[in-house]
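J.: build the 3D model from these lines:
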Amino acid sequence: MATAGPLAGIRIVELNGLGPAPFAAMALADLGADVVRVTRPGDGGDGVMGRFDVLSRNRDCVEVDLKDPAGVASVLALVDAADGFIEGFRPGVCERLGLGPDVLLERNPRLVYGRMTGWGQDGPLAASAGHDITYAATAGALAHIGRRDQPPTPPLNLVADFGGGGMLLAFGMTSGLLSAARSGHGQVVDAAMVDGVAMLMGALIGASESGFWSDERGTNLLDSGAPYYDCYRCADGAYVAVGAIEAPFYAALLEGLGLDDADLPAQNDQDRWPELRSVFATAFLTRTRTEWAEAFEGTDACVAPVLPMGELADHHHLRHRGTVVRVDGAVQPAPAPRFSSTPAPSPRPATAPVDVDVVRRRWGLPG
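T.: Numbers count the residues shown, from 1 in each chain. Just a heads-up that it's a prediction; the model follows:
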């Protein structure tokens with residue numbers, strides 16, 4: 001149970017699922033909401049990965065059999081005292097369980113009912129299965145991620161599941177809660193990953209419509225086309241990332257590499273980008289990643305070491321800000337963003353299930 005943060009006092013019931021819905025619930029719990037996860041008997045509240053299950057942190061879990069009318073009744077009782085409700089099933093599943101928005105909003109008109117799906121609550125594909133890669137593909141992101149003349153590269157599951165899905169739902173829930181606090185009326189938040197991915201692509205869609213951005217993958221400013229916005233292998237086999245777009249940053253890059261602009265192709269002469277890339281690649285191979293990171297430290301060249309997850313806790317800037325923390329000995333990202341009015345909370349790891357009566361008493365409901 002969260003006790004501090006900008007969302008302290010907000011109560012949310014979450015039907016346990018996978019990926020984006022738990023991410024949204026984690027984000028809300030990180031910021032102080034009292035989120036209670038409802039799982040099936042035997043699923044366990046500490047997640048599949050135990051203390052490593054970051055998405056399950058900062059909230060209590062109760063095991064409920066939703067196929068049993070008594071189990072549904074216990075969830076409905078929690079909903080009566082809740083501000084929000086989150087589910088991540090295909091359209092119609094919660095209705096069949098007796099936990100659809102019509103039922104819940106009739107009982108609690110102030111409730112904000114959050115629905116997380118890939119395709120949305122309606123449309124030709126609404127009932128179809130999918131994953132991050134399929135939503136990112138359909139919404140126009142995947143085609144533009146990767147190198148020229150190579151297949152598109154799956155961007156982990158960051159684009160649809162978490163950016164276009166979980167973060168979108170968290171934003172939608174927060175907006176709905178703000179509206180309910182002002183109006184006294186709740187509503188349904190339909191967060192679809194295809195909608196969220198398309199929203200994330202807004203600036204690039206605009207660039208494409210204007211003719212600035214080419215549909216040919218790996219030929220543009222930000223997709224590995226430009227040699228000054230890419231990753232380069234170093235002497236030790238590790239990589240650095242370069243993002244020296246603006247002229248002053250580009251000048252700082254050349255200075256750090258010991259290169260003379262007069263001896264090179266013009267920065268934005270696309271016909272000679274392969275030549276410029278070769279010069280950069282040769283230069284970066286002369287030192288290790290650590291040596292380049294130290295050489296560019298404090299400059300405006302926009303050069304950074306490419307860190308795998310296992311090295312995050314050792315980076316001095318991340319360590320200074322507490323961007324990653326250790327919880328029960330396991331590294332995980334700290335809650336974000338930060339607020340001046342409340343201290344940064346320490347994440348509470350996923351725990352074993354508690355009895356539903358524990359939550360009922362905490363929420364002032366009869367046992």
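J.: for the stretch 51-200 of the chain, which segments count as helices?
T.: Along the stretch 51-200 of the chain, counting by DSSP state H, counting those that start in this stretch, helices occupy 69-80, 93-97, 101-107, 132-138, 167-183, 193-200.
J.: nearest to residue 364, of those helices?
T.: Closest of the helices of the stretch 51-200 of the chain to residue 364 is helix 69-80, at 10.6 Å (criterion: C-beta to C-beta). Any C-beta I mention is one placed from the backbone N, CA and C, and that applies to glycine too.
J.: how about CSV for the helices of the stretch 51-200 of the chain, with mean pLDDT added?
T.: Compiled in CSV, the helices of the stretch 51-200 of the chain are given as follows (pLDDT from 0 to 100):
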stretch, mean pLDDT
helix 69-80, 96
helix 93-97, 97
helix 101-107, 98
helix 132-138, 98
helix 167-183, 98
helix 193-200, 98
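J.: among the ones you listed, which comes closest to residue 359?
T.: Closest among the helices of the stretch 51-200 of the chain, using C-beta to C-beta: helix 69-80, at 6.5 Å.
J.: for the closest one, list the C-alpha coordinates in PDB.
T.: Coordinates of the C-alpha atoms in helix 69-80 are reproduced here as PDB (Å, rounded to 0.1, in the frame of the first residue of the first chain):
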ATOM      1  CA  PRO A  69     -20.300 -15.500  -7.600                       C
ATOM      2  CA  ALA A  70     -18.900 -14.900  -4.100                       C
ATOM      3  CA  GLY A  71     -15.600 -13.900  -5.600                       C
ATOM      4  CA  VAL A  72     -17.200 -11.500  -8.000                       C
ATOM      5  CA  ALA A  73     -19.200 -10.100  -5.100                       C
ATOM      6  CA  SER A  74     -16.000  -9.400  -3.200                       C
ATOM      7  CA  VAL A  75     -14.500  -7.500  -6.100                       C
ATOM      8  CA  LEU A  76     -17.700  -5.500  -6.500                       C
ATOM      9  CA  ALA A  77     -17.500  -4.500  -2.800                       C
ATOM     10  CA  LEU A  78     -14.000  -3.200  -3.400                       C
ATOM     11  CA  VAL A  79     -15.200  -1.300  -6.500                       C
ATOM     12  CA  ASP A  80     -17.900   0.400  -4.400                       C
END
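J.: would you mark the buried spots in it?
T.: Within helix 69-80, the residues that count as buried by 16 or more other C-beta atoms under 10 Å are 71-72, 74-79.
J.: as a markdown table, the helices of the stretch 51-200 of the chain with distance to residue 256 would be great.
T.: Listed next are these as a markdown table, based on distance: least, C-beta to C-beta, whole Å:
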| stretch | distance to residue 256 |
| --- | --- |
| helix 69-80 | 57 |
| helix 93-97 | 55 |
| helix 101-107 | 56 |
| helix 132-138 | 35 |
| helix 167-183 | 35 |
| helix 193-200 | 32 |
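J.: out of these, which comes closest to residue 325?
T.: Once the helices of the stretch 51-200 of the chain are compared by C-beta to C-beta, helix 167-183 is nearest, at 20.0 Å.
J.: so how far is residue 251 from residue 283?
T.: Going from residue 283 to residue 251 by C-beta to C-beta, to the nearest Å gives 15 Å.
J.: and residue 53, by the same measure?
T.: According to C-beta to C-beta, residue 53 stands 46 Å off from residue 251.
J.: between the two, tell me which one has more neighbours.
T.: Each of residue 53 and residue 251 has its neighbours counted (other C-beta atoms under 10 Å); residue 53 has more, 19 against 15.
J.: farthest-separated two in the buried residues of helix 69-80?
T.: Most distant of the buried residues of helix 69-80, by C-beta to C-beta, are 71 and 79, 13.0 Å apart.
J.: what's the closest of the helices of the stretch 51-200 of the chain to residue 159?
T.: helix 132-138 (4.7 Å).
J.: taking the mean pLDDT, what do you get for stretch 265-279?
T.: Within the predicted structure, the mean pLDDT of stretch 265-279 is 97.
J.: just how off-centre is it within its chain?
T.: 35 Å (C-alpha atoms, centre = their mean, to the nearest Å).
J.: then stretch 264-279?
T.: For stretch 264-279, the distance to the chain centre is 35 Å (C-alpha atoms, centre = their mean).
J.: buried set for that stretch?
T.: Buried residues in stretch 264-279, counting neighbours by 16+ other C-beta under 10 Å, are found at 265, 267, 273, 276-277, 279.
J.: any weak-confidence spans in the protein?
T.: Applying pLDDT under 70 to the chain flags residues 1-3, 44-49, 367.
J.: need the residue closest to the centroid of it.
T.: Geometric centre of the chain, nearest residue: residue 162, 3.4 Å, by C-alpha atoms, centre = their mean.
J.: and that residue, what is it in contact with?
T.: By C-beta atoms under 8 Å, 6 or more residues apart in numbering, residue 162 lies in contact with 19-20, 23.
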